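S.K.: I would like to see how this sequence folds:
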Amino acid sequence: MKLATWNVNGLRSVSGKGFLNWLEGSGLDFVCLQEIKVKPEQLDETLRAPKGYRAFFSPAARPGYSGVAIYAKKEPREVRSGIGVPEFDDEGRVLELSYEDFDLLSTYWPNSQRDHARLPYKLRFCEAMFEYLEGKRRRGRHVLICGDFNIAHKEIDLKNPKSNAKNAGFLPEERAWMDKFTAAGWVDAFREFEKGPGHYTWWSFRPGVRERNIGWRLDYFFTNAEHRDRLERAAHACDVMGSDHCPVLLTLKS
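M.R.: Here you go, the predicted structure:
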């Protein structure tokens, strides 16, 4: 089974940059999207119902903001938008598809902002998600959670850690929460297969930054430790353009 997660920075925008060609040639079973910035009724049929996929959306209440989606080849037994907390759900940050043997969540985690004004909100979201996910584990569910976490976990996960030590996405509070998350048994799929530096998923739009690979690793697949043995391969599709993020690919054993 093959999956991808991608912050597209506007689904309508990326659709004009080869997105559907990429999707149709990808062979992916599930495509999780973040920051779609659109409501489904604003999309044309090619994006609202791509050939071969069922489409599910959780848009933000605010127009042109946030929002997540999942394109799935397999019909889920249940679809859930949000986690039951209005201050987060109104921003279109979580979409979940449930199947017999696993739950798949496409998530877009808050940005703390340059002045750290939204750091308290972000940390509340992190804690609410932690409790929600741990509740699933207690019920014996296997979970795949993916998306743009807006956190570079370790120094290895961004090009210039020292100069970014006080910047949103690499703040001590954000990294401490990620430490807590992984210590609890949530497995970073990419790091199961690649331990080295220089692997990023987001680059500034400033000229030359992506070409010189001055980036951050902000996009992840995580699974609970009990599901770890199904991980087969994870990779970054850095050659796929159209957004300031690139897709993260995951293959699961049958």
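S.K.: which residues touch residue 155?
M.R.: residue 161 (Cβ atoms under 8 Å, 6 or more residues apart in numbering). No exception for glycine: its C-beta is placed from N, CA and C like everyone else's.
S.K.: distance from the chain centre to the top helix by length along the chain, please.
M.R.: Longest helix in the chain by number of residues, with DSSP state H as the criterion: helix 119-138. Relative to the centre of its chain, helix 119-138 is centred 15 Å away, using Cα atoms, centre = their mean, to the nearest Å.
S.K.: for the remainder of this discussion, apply numbering that starts at 54.
M.R.: Will do, 54 is the new start, and the previous item becomes helix 172-191.
S.K.: any idea which helix or strand comes after that helix?
M.R.: Going down the chain from helix 172-191, the next helix or strand is strand 196-201, by DSSP states H and E.
S.K.: need the contact partners of the helix or strand that comes right after that next one.
M.R.: Beyond strand 196-201 on the C-terminal side, the first helix or strand identified by DSSP H and E is helix 225-236. Helix 225-236 is contacted from outside by 165, 172, 175-176, 179-180, 183, 202-207, 221, 241, 275, using Cβ under 8 Å, 6+ apart.
S.K.: next, the buried residues of stretch 143-157.
M.R.: Residues of stretch 143-157 classed as buried: 144, 145, 146, 147, 148, 149, 150, 151, 155, 156, 157 (neighbour count, 16 or more other Cβ atoms under 10 Å).
S.K.: mind checking the pLDDT average for that stretch?
M.R.: What stretch 143-157 shows for mean pLDDT is 97.
S.K.: same check, this time on stretch 119-129
M.R.: pLDDT averaged over stretch 119-129 gives 98.
S.K.: likewise stretch 198-206?
M.R.: Stretch 198-206 comes out at a mean pLDDT of 98.
S.K.: returning to what we had before: now the longest helix of the chain and strand 196-201, what's the angle there?
M.R.: Per axes from the mean of the first three to the mean of the last three Cα atoms, to 10 degrees, the angle that helix 172-191 makes with strand 196-201 is 160 degrees.
S.K.: so what touches helix 172-191?
M.R.: Contacts of helix 172-191 (Cβ under 8 Å, 6+ apart): 136, 138, 140-141, 146-147, 156, 160, 162-166, 196, 198, 203, 221, 224, 226-227, 230, 233-234, 237-239, 277, 279.
S.K.: let's go with 7 Å and repeat that
M.R.: 136, 138, 141, 156, 162-163, 165, 196, 198, 224, 226, 230, 234, 237, 277 (Cβ atoms under 7 Å, 6 or more residues apart in numbering).
S.K.: on that earlier part again, now render the buried residues of stretch 143-157 as CSV, adding distance to residue 104.
M.R.: Putting the buried residues of stretch 143-157 into CSV (distance: Cβ to Cβ, whole Å) gives the following:
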residue, distance to residue 104
144, 30
145, 25
146, 28
147, 26
148, 21
149, 24
150, 19
151, 24
155, 25
156, 26
157, 21
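S.K.: how about these, which pair is most distant?
M.R.: Maximum pairwise distance in the buried residues of stretch 143-157, criterion Cβ to Cβ, is 25.2 Å, between 144 and 155.
S.K.: picking that back up, tell me the one of the contacts of helix 172-191 nearest residue 267?
M.R.: The closest of those, once distances to residue 267 are taken by Cβ to Cβ, is residue 224, at 19.4 Å.
S.K.: what residues does stretch 68-77 touch?
M.R.: Contacts of stretch 68-77 (Cβ under 7 Å, 6+ apart): 84, 99, 100, 103, 104, 293, 294, 295.
S.K.: measure it end to end?
M.R.: 12 Å (Cα to Cα, to the nearest Å).
S.K.: for it, list every residue counted as buried.
M.R.: Using 16+ other Cβ under 10 Å as the test for burial, stretch 68-77 gives 68, 72, 75, 76.
S.K.: so which of those sit within helices?
M.R.: Counted as lying in helices by DSSP H, out of these, are 68, 72, 75, 76.
S.K.: in contact with the residue nearest the centre of the chain, which residues?
M.R.: In the chain, the centroid-proximal residue (Cα atoms, centre = their mean) is residue 200; its distance is 0.5 Å. The contact partners of residue 200, by Cβ under 7 Å, 6+ apart, come to 58, 85, 87, 121, 159, 160, 161, 162, 272.
S.K.: fine, thanks again, bye for now.
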